[in-house]
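K.L.:
give me the fold of what follows.
(one chain, ligands or ions: 1)
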Amino acid sequence: MTNKLKIYAVPMSQAVRAVLWVLFNKELPFELVLTIPGSKDENGSRHPDYLSKFPNGTIPALEDPESGFLLAESHAIMCYLCNKYEWTDLYPNQHEARAKVDDFLHYHHRNIKEASVGYFAPMARPDLGLTEGAINMSKRLFSNGLNALETQWLEKNSFITGDEATIADIAAYVEVGQLQSQFTNLFDFEPFPNVTRWLNAMTQLKGHDDSHLVLSELGDISKTPPEMEDLMTANIKGFKHIAQKLTEIK
Ligand SMILES: N[C@@H](CCC(=O)N[C@@H](CS)C(=O)NCC(=O)O)C(=O)O
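P.N.:
Model prediction:
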């Protein structure tokens, strides 16, 4: 029996990509348990067995088979991993520096994260039936977040809270970065030079390519929405890549 951490996930999910990136950055072996978000089927995040472990019904989620510890929410998982393995480069242990990372992680959820509802989901997930009102609200909130990045956080620093990338940058990138021209091509970052510089720097952070292959496979969806089959194919390719990578870091 394996004692590796189990990560319940599909590669396309923004929140999942953040957790996978941290794990690949540190080359920590783990087991990926393919879990379909929103599905009530046996391998779904709304199946009663999954809900009994993770009441929020979302991916990513973490299970430690050794201790039985269960945890959901990507930010909580990233903080937990950094605390447990003392990855203080990604989550500084100096109180004030850590508090600034926490500041951004909390802010993120109703601002930067809206990239998914305002831009990604309307093209990639029309089945979610988002209303125009909800989409426009998300676009406004994302615009606030992006402006805060451009004119404040990234105006002062190379990365969000300082000179080094932390889990705040990883959390933000999986949302903002997915819209870039090399991926879905859903947003023009030309008017945002600080954000553009930061996006380029983040692509160099170890673990980026392994956690983002799924988006390279999906490609430009700005003109034609992908079919469900295209999403599945990209997810399967992303999953296979991760499985291969995990054989290398075991
Ligand atoms: N705040 C959560 C968001 C996770 C989330 O929304 N996951 C989506 C997939 S991207 C999900 O599992 N949706 C399924 C559902 O809500 O039924 C986190 O950061 O982990």
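
K.L.:
domains in this protein, as residue ranges please.
P.N.:
5-87+228-248, 95-202 (automatic domain parsing).

K.L.:
let me have those domains in CSV, extended by mean pLDDT.
P.N.:
Output for the domains of the chain, formatted as CSV (pLDDT from 0 to 100):
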stretch, mean pLDDT
domain 5-87+228-248, 97
domain 95-202, 97
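
K.L.:
out of these, flag the one nearest residue 216.
P.N.:
Comparing the domains of the chain by their distance to residue 216 (CB to CB), the top pick is domain 95-202, with 6.8 Å. C-beta coordinates here come from the backbone N, C-alpha and C atoms, glycine included.

K.L.:
which elements pack onto the top helix by length along the chain?
P.N.:
Counting residues, the longest helix in the chain under DSSP state H turns out to be helix 228-248. In terms of contacts (3 or more CB pairs under 8 Å, 6 or more residues apart in numbering; DSSP states H and E), helix 228-248 is packed against strand 30-34, helix 208-218.

K.L.:
picking up where we left off before, can I get the domains of the chain in JSON lines with distance to residue 219 and mean neighbour count?
P.N.:
Converted to JSON lines, these look like this (distance: least, CB to CB, whole Å; neighbours: other CB atoms under 10 Å):
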{"stretch": "domain 5-87+228-248", "distance to residue 219": "8", "mean neighbour count": "18"}
{"stretch": "domain 95-202", "distance to residue 219": "7", "mean neighbour count": "18"}
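
K.L.:
quick one: which of the ones you listed is nearest the ligand?
P.N.:
domain 5-87+228-248 (3.4 Å; CB to the nearest ligand atom).

K.L.:
now the end-to-end length of the closest one.
P.N.:
One end of domain 5-87+228-248 to the other measures 16 Å (CA to CA, to the nearest Å).

K.L.:
can you give me how far it is from the chain middle?
P.N.:
Put simply, domain 5-87+228-248 sits 11 Å off its chain's centre (CA atoms, centre = their mean, to the nearest Å).

K.L.:
mind listing the helices for this structure?
P.N.:
According to DSSP H, the helices that the chain contains are 14-26, 48-53, 74-85, 95-108, 114-115, 121-124, 132-148, 154-156, 167-176, 193-202, 208-218, 228-248.
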